[in-house]
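# Whatever this is, show me its structure:
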Amino acid sequence: MPDQANPFESLQEQVDDAAASLDAPPGVIERLKNPERVLETNLTFELDDGSLETVRAYRSQYNGDRGPYKGGIRYHPNVTRDEVKALSGWMAYKCAIVGIPYGGGKGGIAIDPADYSEAELERLTRAFATELRPLIGEDRDIPAPDVNTGQREMNWIKDTYETLENTTAPGVITGKALDSGGSEGRVEATGRSVALS
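Model (predicted):
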């Protein structure tokens, strides 16, 4: 099996290719090739049998010039630092191209959620939310669901953030349930847009 391409190197090559047609200073191009910051953290959480497990998690904030960082959180065994950096970069460019006032963000935890109970996933998600707390907020960084995450995980993140901040902050995350301040049609939105294309 051939080696898989590094997604972050692919993003940087795409920026270089686009830059060849632009009259931009090298410093600007270099800035557009790298995230502003990446949180890399080890999350330790309790399993149902009382033992502890530690897993790696990430949040990349690529570029916030156009507004708060925006992008999903995925749970997948192949999540890496380079993957979230690349995905946050593509999110930044996607938002810019269509004129949405957000920057690019992306996060993930390197696990297979099928290996864990709901209670274990809740403890893990709340541990991640605690690490994300200083970085997220409706005017800073707004996470969303992605691969293997959904309303349940977004509700846990929102609840953890609100509890720790002693506030009500429905705008801290998107993709949450309606009764938590979510938007009607959010679950169906991606499939609906494909069907209408």
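
# Not counting its own residues, what contacts stretch 35-54?
For stretch 35-54, the external contacting residues (CB atoms under 8 Å, 6 or more residues apart in numbering) are 55-64, 81, 84-85, 88-89, 107, 109, 116-117, 119-120, 123-124, 127-128, 131-132, 135. Just so you know, the C-beta spots here come from the backbone N, C-alpha and C atoms, and that holds for glycine as well.

# now do the same end-to-end measure for it.
Using CA to CA, to the nearest Å, one end of stretch 35-54 lies 25 Å from the other.

# what comes up buried for that stretch?
Residues 35-36, 38-39, 41, 43, 45 are the ones in stretch 35-54 that count as buried (16 or more other CB atoms under 10 Å).

# ok, these vs Asp139, which is closest?
Nearest to Asp139 among the buried residues of stretch 35-54 is Glu36, at 15.5 Å by CB to CB.

# State the distance from that closest one to Asn78.
Per CB to CB, to the nearest Å, Glu36 is found 24 Å from Asn78.

# for Glu13, same thing?
Relative to Asn78, Glu13 is positioned 21 Å away (CB to CB).

# And for Gln151?
Gln151 is 23 Å from Asn78, where distance means CB to CB.

# ok, whichever strand or helix holds Leu39: who's next to it in the sheet?
Assigned by DSSP states H and E, Leu39 falls within strand 37-46. Strand 37-46 sits in its sheet next to strand 52-63 (antiparallel), going by DSSP bridges.

# need the next SSE after the partner strand, C-terminal direction.
strand 69-75.

# Can you pull out the residues in contact with the biggest helix by length in the chain?
Ranked by residue count and defined by DSSP state H, the top helix of the chain is helix 81-98. By CB under 8 Å, 6+ apart, the list of residues contacting helix 81-98 from outside reads 6-11, 15, 34-35, 38, 40, 58-63, 66-67, 69-71, 100-108.

# try 7 Å this time
6-8, 10-11, 35, 38, 40, 58, 60-63, 66, 70-71, 102-108 (CB atoms under 7 Å, 6 or more residues apart in numbering).

# Shouldn't Gln12 be within a helix?
Yes: counting by DSSP: H, G, I helix; E, B strand; the rest coil, Gln12 is located in a helix.

# Tell me, how many residues neighbour it?
Using other CB atoms under 10 Å, Gln12 has 19 other residues around it.
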